[in-house]
Structure formats: C-alpha cells, structure tokens
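[1] Below are the sequence and a predicted model for it; my questions follow.
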Amino acid sequence: MGLLRAVSPADLADVPFTYPEVGATADPVLPAGYRHSEHAVVVGSGRDTFERAVAAVFGWRAQRSVGLRVRASGPPTEPGTVVVLTAGLDRLGYDIPCRVVWARADGDEQGFAYGTLPGHPESGEEAFLVRIAPSGEVSVHLRVFSRLASRAARLAGPLAWGMQSLATKRYLGAFRAAARG
C-alpha cells in the first residue's frame, strides 16, 4: 500500500484489523506475544496545560511531529475513524493505515488508541492518553503492543524497532511542546 498509490481512508472503512486483541491498550495488562512499550512524561500542571495536551493528542500533533502526513475519515474522538499516515512523498510515500478502536473525550483522562490495518508494517495497537491528577499534574501516556508484520519490516528487524523508539521520543517531545503552548 502507498508506494505509487495513495490509499484513501474511505477504502479501508470495513477492512479487518491485523490482530485479534482489538482494544487491548485499554486493559491493565497488554497481550502476550507482542513487544510492549509504555511511556509516561509529566508535561506540566493545571487545567490549561491539560487542555493544550489534549488538543495536541486529538489534533494528530504526535504523528505530524515525525513528518507523517495525516488523512483521516473523521476525528480521533470517534471509534471507527480510519487514518492513513503517509511517510515520504505524496505518490512515492508509504501509507500506514490504522483505525481508532477506542476514545475518551471527556473527564480527567482523555485520548484514543488506534490499531493497525492491512498494509501497516507492524501489527498491534497504540494509545495516546493525557491525564490530570487531583494535584493538577498533567502527564501524557503512550501504550503500545506490536510486532513486525510486513516482510520489509521483518527484514529490517532492529532498524524497524529503532525507528519506532525514535518516533516515540519525538511523540513525547511534541506533547511537551504543546503543553507549554
């Protein structure tokens, strides 16, 4: 998917996920058989900081911070929204398709998770959450379970995992910057 062809989010509305544990990033324990990654960073304090961080999550700021183009069938606040992230040039880029599996758009913990669709180099799920504690401390949390799915990703092995780690660091940096305003 993607190379010399731009995939439309509408084309992927009914395709199945590439993994069976849909929604598992909301569970206390991530599913076995995947590589797990959990990160949390305090980005500031106060309701204004919380609102800025939430806006960044729901505005796809993390994805854009690593240079991905975002095309979505709706907002990430709606489960079922399909997003196609594209790395590289428009027609020469690589499309990375996902679908929102759950979202929380109110309360003191807000965010969403998306899961992989056919054509994604990995198989699994990633969640982006912003929390405000009773003390006013605001933190951003990323939870991921994934395994390499495409032939190219499996051949790249450690390089693919390194790219995921670098993207996570950039995501967290984007949330820190957004929280500061």
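    Received it, and whenever you're ready, just let me know what you need. A quick note: this is a predicted structure, and the numbers were derived from the prediction, not measured. Numbers count the residues shown, from 1 in each chain.
[2] and the closest residue to residue 149 other than its chain neighbours, how many neighbours?
    Leaving aside its sequence neighbours, residue 149 sits nearest to residue 123 (Cβ to Cβ, 6 or more residues apart in numbering; 4.0 Å). All C-beta spots, glycine's among them, are computed from the backbone N, C-alpha and C. Residue 123: 21 surrounding residues under other Cβ atoms under 10 Å.
[3] Wait, residue 123 touches residue 144, no?
    No: in this structure, residue 123 is not within contact of residue 144 by Cβ atoms under 8 Å, at 11.6 Å.
[4] Could you verify my assumption that residue 23 touches residue 103?
    No: look at residue 23 against residue 103 with Cβ under 8 Å: they stay out of range, at 11.0 Å.
[5] Same drill for the two, tell me which one is more crowded.
    Each of residue 23 and residue 103 has its neighbours counted (other Cβ under 10 Å); residue 103 has more, 20 against 14.
[6] Show the average pLDDT along whichever helix or strand that one is part of.
    Here residue 103 is covered by strand 94-104, with elements defined by DSSP states H and E. Averaged across strand 94-104, pLDDT comes to 93.
[7] Quick check: buried residues in that strand?
    94-104 (16 or more other Cβ atoms under 10 Å).
[8] Contacts for the helix or strand that that strand is followed by next, please.
    Tracing the chain C-terminally past strand 94-104 and defining elements by DSSP H and E, one meets strand 109-116 next. In this structure, residues lying in contact with strand 109-116 by Cβ atoms under 8 Å, 6 or more residues apart in numbering are 17-19, 22-23, 25-26, 54, 57-58, 76-77, 83, 97-104, 122-132, 141, 143, 146, 149.
[9] same deal with stretch 65-74?
    By Cβ under 8 Å, 6+ apart, stretch 65-74 touches 8-10, 13, 60, 63-64, 80-87, 90, 93, 96, 166-167, 170-171, 173-174.
[10] Okay, and which of the residues you listed map to helices?
    Residues of those located in helices (DSSP state H): 63-64, 166-167, 170-171, 173-174.
[11] Need the residue closest to the centroid of this protein.
    By Cα atoms, centre = their mean, the chain has its centre lying nearest to residue 126, at 4.8 Å.
[12] Quick check: that residue is in a strand.
    Yes: applying DSSP: H, G, I helix; E, B strand; the rest coil, one finds residue 126 inside a strand.
[13] didn't it look like it was pressed against residue 141?
    No: the pair residue 126 and residue 141 fails to qualify as a contact (Cβ under 8 Å) at a distance of 11.2 Å.
[14] Looking at pLDDT only, which of the ones in helices among the contacts of stretch 65-74 scores worst?
    Least confident entry in the ones in helices among the contacts of stretch 65-74, by pLDDT: residue 166, with 73.
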